[in-house]
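*Asks:* coordinates only, no sequence provided:
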Ligand code: G6Q
């Protein structure tokens, strides 16, 4: 499947782009949103783009035409359109030149590329063909479950990319949960996570899906064995209740031990895997196959939209550029994602992994240490809840935190109440808009404690309603925003070496515990680990 990136891609460098120099100059005097008359209705209409199910409103960012033009030049110099095409065509972009690296294609888009205008490259076509075969296998499996009616509960075991995205999307579509269907999640190595998920469950009616791309993750294997014990103690056969999602040939790919084995491929990164079987099995069980299919269709529609060569119509690219402006040029260290949608209450946790694991990088694609700021610290919670919590700091704290709002014209369930002349949905949107405007313009006051500095940048991704299709488009929007940023910074957004060191050391310390369990007093293998273990003895 591997092809090599061409020479042109290899010589690009963020620090040498002409636009980078222009933007540095512009960053000395970013657009002032607080000056009377600067934030106008005209400006709100002007800095607005739309695609698929969404509009991006970015008049409340610290940009003007000169900044946006320089940002679009930056995108052009970094050849982002070309790179996005190559990514979706299956070129090997997950690579660090000149060093051992994962050396893989990045083809999560293929997991949903079987609708209109599928990719024509042979690699992407083959990947989409394999992915579709799994989707159809899933459809048969779910149809059979629906006919048999044996299973009412699904326990999903997985961690990181095999948990965060699927879980966030499960909560996002709760209103569509099928009758007599429930999902529980087990993720943490903490035994309390498993024990509490298993409370009160009717094991006879429980299906378990073990999700691990590699099939070797400590947390997931430990939890699988833990849950299996519940079944064997209840004299039930795990092989009649457990299904898996993993790479072909992984330890979890074994039909003698599992009811069904679903597959993913090394061209899907864990955090980019929600639209593969990683999310598919659980989402189809919970909401029905058709909902999952619609979700895939929405993601695919946005995948196609980001191939639009006109940067002004490319929502992910505009959001990526605004993020780079705020992070690398205005030096704001963090970014809050605030969905004004209770259904998205877990969504920021997913985007946090997607963004921070992808773009929290300190070397470029040639192994050189970068001399500029890359991915921000990303965090957030749903609005309006967050207004009653950390928004104090966002408005008046000493650190400026740019915000990305997500909101919808209509509520998901269309049930509402008129109180004091307006619906709750209207009040929700009023709060969202008020935050954008208040953060931008600020407020003067004689009382210093009531002064709002303003110039706190934000933008809004506004949709009509959070349907499965819109949810798919939203996921793809963020995935591609992050990919575009990586292309521009010339970092590898698709590996995650940063999580390895902790895993290696944890295994050494587990060795210390194992030695202790066998009553070998100290292992001598890892004195620092032994010293920390001795701290436990004092309780
Ligand atoms: C995501 C990361 C990471 C991964 C987990 C679980 O991109 O690679 O979060 O998803 O470590 O890995 P497995 O699916 O292999 O168990």
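*Replies:* Sure, I can see it. Since the model is a prediction, treat every value here as computed from it, not as a measurement. Residues are numbered from 1 along each chain as shown.
*Asks:* which helix or strand contains residue 404?
*Replies:* Element membership for residue 404, per DSSP states H and E: strand 403-408.
*Asks:* can you list the strands that that strand pairs with?
*Replies:* Looking at strand 403-408 with DSSP bridges, its partner strands are strand 334-339 (parallel), strand 458-463 (parallel).
*Asks:* is stretch 482-495 in proximity to the ligand?
*Replies:* No: Stretch 482-495 stays clear of the ligand (CB under 6 Å from any ligand atom), getting no nearer than 8.4 Å. No exception for glycine: its C-beta is placed from N, CA and C like everyone else's.
*Asks:* any buried residues in that stretch, and which?
*Replies:* 482-495 (16 or more other CB atoms under 10 Å).
*Asks:* now residue 474: how far from the ligand?
*Replies:* 19 Å (CB to the nearest ligand atom, to the nearest Å).
*Asks:* what about the closest residue to residue 408 other than its chain neighbours, neighbour count?
*Replies:* Closest residue to residue 408 in three dimensions, ignoring its sequence neighbours and counting by CB to CB, 6 or more residues apart in numbering: residue 463, at 4.9 Å. Residues lying near residue 463 (other CB atoms under 10 Å) number 22.
*Asks:* does residue 463 really touch residue 412, like I thought?
*Replies:* No: the criterion here is CB atoms under 8 Å, and residue 463 misses it with residue 412 at 10.9 Å.
*Asks:* which residues are in contact with each of these two?
*Replies:* Residues touching both residue 463 and residue 412 (CB atoms under 8 Å, 6 or more residues apart in numbering): none.
*Asks:* pull up the residues of the stretch 101-250 of the chain that are close to the ligand.
*Replies:* Contact residues (CB under 6 Å from any ligand atom) of the stretch 101-250 of the chain with the ligand: 159, 160, 161, 162, 212, 213, 214, 217, 220.
*Asks:* can you tell me the closest non-neighbouring residue to the fifth one?
*Replies:* Counting by CB to CB, 6+ apart, residue 212 lies nearest to residue 220, which is 4.5 Å off, once chain neighbours are set aside.
*Asks:* so the one you found is in which element?
*Replies:* helix 218-233.
*Asks:* what's that helix in contact with?
*Replies:* So helix 218-233 is contacted by 155, 157-159, 162, 186-189, 191, 193-194, 198, 203, 208, 210-212, 215, 237-238, 241-242, 503, 506-507 (CB under 8 Å, 6+ apart).
*Asks:* run the angle between the helix or strand following that helix and helix 218-233 for me.
*Replies:* Using DSSP H and E, the helix or strand that follows helix 218-233 in sequence is strand 242-247. If you take axes from the mean of the first three to the mean of the last three CA atoms, to 10 degrees, strand 242-247 sits at 160 degrees to helix 218-233.
*Asks:* just the mean pLDDT for the strand holding residue 404, thanks.
*Replies:* Average pLDDT, strand 403-408: 98.
*Asks:* residue boundaries of the strands in the stretch 301-450 of the chain?
*Replies:* Assigned by DSSP state E, counting those that start in this stretch, the strands in the stretch 301-450 of the chain fall at 334-339, 377-379, 403-408, 418-419, 422-423.
*Asks:* identify all contacting residues around the fourth one.
*Replies:* Applying CB under 8 Å, 6+ apart, the set of residues contacting strand 418-419 from outside is residue 427.
*Asks:* strands paired with that strand, and their directions?
*Replies:* strand 422-423 (antiparallel).
*Asks:* residue 396 reaches residue 452, doesn't it?
*Replies:* Yes: here residue 396 lies in contact with residue 452, judged by CB under 8 Å, at a distance of 6.4 Å.
*Asks:* the residue in the stretch 251-400 of the chain positioned nearest to the ligand and residue 449: what is the separation?
*Replies:* Taking CB to the nearest ligand atom as the measure, the point where the stretch 251-400 of the chain comes nearest the ligand is residue 270, at 2.3 Å. Residue 270 is 46 Å from residue 449, where distance means CB to CB, to the nearest Å.
*Asks:* when the two are compared, which one has more neighbours?
*Replies:* Remark: of residue 270 and residue 449, residue 270 carries more neighbours, 25 against 6, as counted by other CB under 10 Å.
*Asks:* give me the number of residues near residue 313?
*Replies:* 14.
*Asks:* sorry, that was for residue 329
*Replies:* Neighbours of residue 329 under the rule other CB under 10 Å: 23.
*Asks:* so it sits right up against residue 27, yeah?
*Replies:* Yes: at 4.0 Å, residue 329 counts as touching residue 27 under the criterion of CB under 8 Å.
*Asks:* give me the angle between the helix or strand encompassing residue 168 and strand 334-339.
*Replies:* Applying DSSP H and E as the criterion places residue 168 in helix 164-172. Between the axis of helix 164-172 and that of strand 334-339 there is an angle of 30 degrees, by the same axes, to 10 degrees.
*Asks:* contacts for helix 164-172, please.
*Replies:* For helix 164-172, the external contacting residues (CB under 8 Å, 6+ apart) are 156, 158, 183, 185, 187, 211, 271, 273-274, 278-279, 282-283, 286, 295, 343-347, 349-350, 353-354, 466, 471, 475.
*Asks:* for that helix, which positions count as buried?
*Replies:* Using 16+ other CB under 10 Å as the test for burial, helix 164-172 gives 164, 165, 166, 167, 168, 169, 170, 172.
*Asks:* follow-up on the earlier one: who are the contact partners of the residue nearest to residue 408?
*Replies:* With contact taken as CB under 8 Å, 6+ apart, residue 463 is in contact with 53, 54, 55, 406, 407, 408, 409, 470, 473, 474.
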